[in-house]
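In: Kindly return the folded structure for what I paste below:
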Amino acid sequence: MSAQRRQSGPFRVGDRVQLTGPKGNLNTVTLEVGGSFHSHRGVLSHDLIIGAPDGSVITSSNGVEYLALRPLLTDFVMSMPRGAAIIYPKDAAQILGQADIFPGATVVEAGVGSGALSLWLLRAIGSEGHLHSFERREEFADVAKGNVATFLGATPDNWTVTVGDLQEALPATVEPGSVDRIVLDMLAPWECIQECADALTPGGVLICYIATVTQLSRVAEAIRASGNFTDPDPSETMVRTWHVEGLAVRPDHRMIGHTGFLMTARRLAPGAVLPALKRRASKSDYSDEDVEAWTPGALGERTTSAKRLRRTARDASAAAAAAQGDASSAE
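Out: I've put the predicted structure just below:
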């Protein structure tokens, strides 16, 4: 089954609706016949929303107006249950662009985290593509599966979630040279460079989401040392919004600054040798002490308690069950 929640047209039973109040506060509800949204500003009947066009203004029982819109994927990923930190929309958009994720592509993702990037990738590859997601922790995988099913209304058939270490699980899951794109969001991506090279088709793209400059350096050197890729291309993305009201036009005081680095490289054909690049002289050697500073322990991996993960997984699963139940009743 191709799972894809409808994103346009009049509101129907089972649709998720984002209600924006007069002060800009947001609330998301799932429409039910006879249901209602309660707040200190009164009661808003779901029946008033069902059948109305997307972007309607609905009035509550005490005359307060709410703007009703279907939540965008950006809205959903920023508010969904999280077991692990998510890749923010600004970085997800860059990943889709820099990796050239296309309809029908076979894509590998590791790790799956809370499923935010999985949703963007599933939308980009379409029903003809396939997404292989790998996650070392089963609790994170459960959260991701719940979040994806909640947003799409069901778990898509073209999505496979494998719990295990990528170095061992990737060769056992995909055929050599069969993967178009690989996205790595993990603590030590340099450990998996050879396995990724084996899985990628010639010309395929490897893109790594990296948190720190020490990781960035080690991943770049590992990619170069493998001899299987083009020279890696690192970048970061920052977003600054602007205040525009009449002649008062200025940048906002707050911006979305550094969240992570992206490192891209393309798979060379087997046996191909990358032409030597002219580089400025630099001290590229590093000692054993430098390598030790790059280890996962020294990088300070943040962990989430097992109790919190279990609670988040339950929340995500409950939301997914409700979404799938509402979708079935709507049919």
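
In: the bottom helix or strand of this structure by mean pLDDT?
Out: Ranking every helix and strand in the chain by mean pLDDT, DSSP states H and E puts helix 296-299 at the bottom, with a mean of 54.

In: Tell me where this structure has helices.
Out: According to DSSP state H, the chain carries its helices in the segments 46-49, 73-79, 89-98, 116-125, 138-152, 166-173, 193-199, 213-226, 288-293, 296-299, 306-330.

In: what's the average pLDDT for the last one?
Out: This predicted structure assigns helix 306-330 an average pLDDT of 70.

In: Out of the helices of the chain, which is closest to Lys23?
Out: Lys23 sits nearest to helix 73-79 of all the helices of the chain, at 17.4 Å, using Cβ to Cβ. Yep, even glycine has a C-beta here, placed from its N, CA and C like the rest.

In: got the CA positions of stretch 95-105 in CSV?
Out: C-alpha atoms of stretch 95-105 as CSV (Å, rounded to 0.1, in the frame of the first residue of the first chain):
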residue,chain,number,x,y,z
ILE,A,95,20.0,17.2,1.9
LEU,A,96,17.2,16.7,-0.7
GLY,A,97,18.9,19.2,-2.9
GLN,A,98,22.5,18.4,-2.5
ALA,A,99,22.0,14.7,-2.7
ASP,A,100,19.6,15.1,-5.6
ILE,A,101,17.0,12.8,-4.2
PHE,A,102,14.7,11.9,-7.1
PRO,A,103,11.4,10.0,-7.6
GLY,A,104,12.1,6.3,-7.9
ALA,A,105,15.5,6.4,-6.1
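
In: any idea of the mean pLDDT in it?
Out: Averaging pLDDT along stretch 95-105 gives 98.

In: Can you report how many residues neighbour the residue nearest to Phe76 when sequence neighbours are not counted?
Out: Residue nearest to Phe76 in three dimensions, not counting chain neighbours: Phe151, with 5.3 Å by Cβ to Cβ, 6 or more residues apart in numbering. Using other Cβ atoms under 10 Å, Phe151 has 25 other residues around it.

In: swap in Pro10?
Out: So Pro10, with other Cβ under 10 Å, has 12 neighbours.

In: I figured Asp180 hits Leu206, correct?
Out: No. Checked against Cβ atoms under 8 Å, the pair Asp180 and Leu206 is beyond contact range at 10.8 Å.

In: how far away is the residue nearest to Val33 when sequence neighbours are not counted from Phe76?
Out: Nearest-residue entry for Val33: Val13, 5.9 Å, with adjacent residues in sequence omitted and distances by Cβ to Cβ, 6+ apart. Distance from Val13 to Phe76, counting by Cβ to Cβ, to the nearest Å: 19 Å.

In: Show me which of Asp180 and Leu206 is the more surrounded one.
Out: Neighbours were counted for Asp180 and for Leu206 using other Cβ under 10 Å; Leu206 has more, 29 against 23.

In: Distance-wise, check that one relative to Asp315.
Out: Here Leu206 is placed at a distance of 33 Å from Asp315 (Cβ to Cβ).

In: Dig out what Pro251 forms beta bridges with.
Out: On the basis of DSSP bridges, Pro251 is bridged to Trp242.

In: Buried residues, the strand ranked longest in the chain. List them.
Out: If you go by DSSP state E, the chain has its longest strand at strand 200-210. For strand 200-210, a neighbour-count test (16 or more other Cβ atoms under 10 Å) marks Leu200, Gly204, Val205, Leu206, Ile207, Cys208, Tyr209, Ile210 as buried.

In: do the same with stretch 185-203
Out: By neighbour count on 16+ other Cβ under 10 Å, the buried set for stretch 185-203 is 185-193, 195-200.

In: Among these, show me the least confident.
Out: Leu187 (89).

In: check contacts around the residue in the chain sticking out farthest from the centre.
Out: The C-alpha centroid of the chain is most remote from Asn62, which lies 39.2 Å away (Cα atoms, centre = their mean). By Cβ atoms under 8 Å, 6 or more residues apart in numbering, the residues touching Asn62 are Arg41, Gly42.

In: Recalculate using a threshold of 10 Å.
Out: Residues counted as contacts of Asn62 (Cβ atoms under 10 Å, 6 or more residues apart in numbering) are Ser39, His40, Arg41, Gly42, Val43, Leu44.

In: circling back to that earlier point, the residue nearest to Phe76 reaches Ala323, doesn't it?
Out: Yes. Counting by Cβ atoms under 10 Å, Ala323 is a contact partner of Phe151 at 7.7 Å.

In: got the CA coordinates for stretch 119-135 in PDB?
Out: Extracted in PDB, the C-alpha atoms of stretch 119-135 (Å, rounded to 0.1, in the frame of the first residue of the first chain):
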ATOM      1  CA  LEU A 119       9.300  11.700   6.000                       C
ATOM      2  CA  TRP A 120      11.200  14.100   3.700                       C
ATOM      3  CA  LEU A 121      12.900  11.200   1.900                       C
ATOM      4  CA  LEU A 122       9.800   9.200   1.400                       C
ATOM      5  CA  ARG A 123       8.000  12.200  -0.100                       C
ATOM      6  CA  ALA A 124      11.000  12.800  -2.500                       C
ATOM      7  CA  ILE A 125      11.400   9.300  -3.800                       C
ATOM      8  CA  GLY A 126       7.700   8.800  -4.400                       C
ATOM      9  CA  SER A 127       5.900   5.400  -4.600                       C
ATOM     10  CA  GLU A 128       8.300   3.900  -7.000                       C
ATOM     11  CA  GLY A 129      11.400   4.500  -4.900                       C
ATOM     12  CA  HIS A 130      12.500   2.600  -1.800                       C
ATOM     13  CA  LEU A 131      13.900   3.900   1.500                       C
ATOM     14  CA  HIS A 132      16.100   1.600   3.600                       C
ATOM     15  CA  SER A 133      16.400   3.100   7.100                       C
ATOM     16  CA  PHE A 134      18.900   1.700   9.600                       C
ATOM     17  CA  GLU A 135      18.900   2.400  13.400                       C
END
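
In: Lovely, talk soon.
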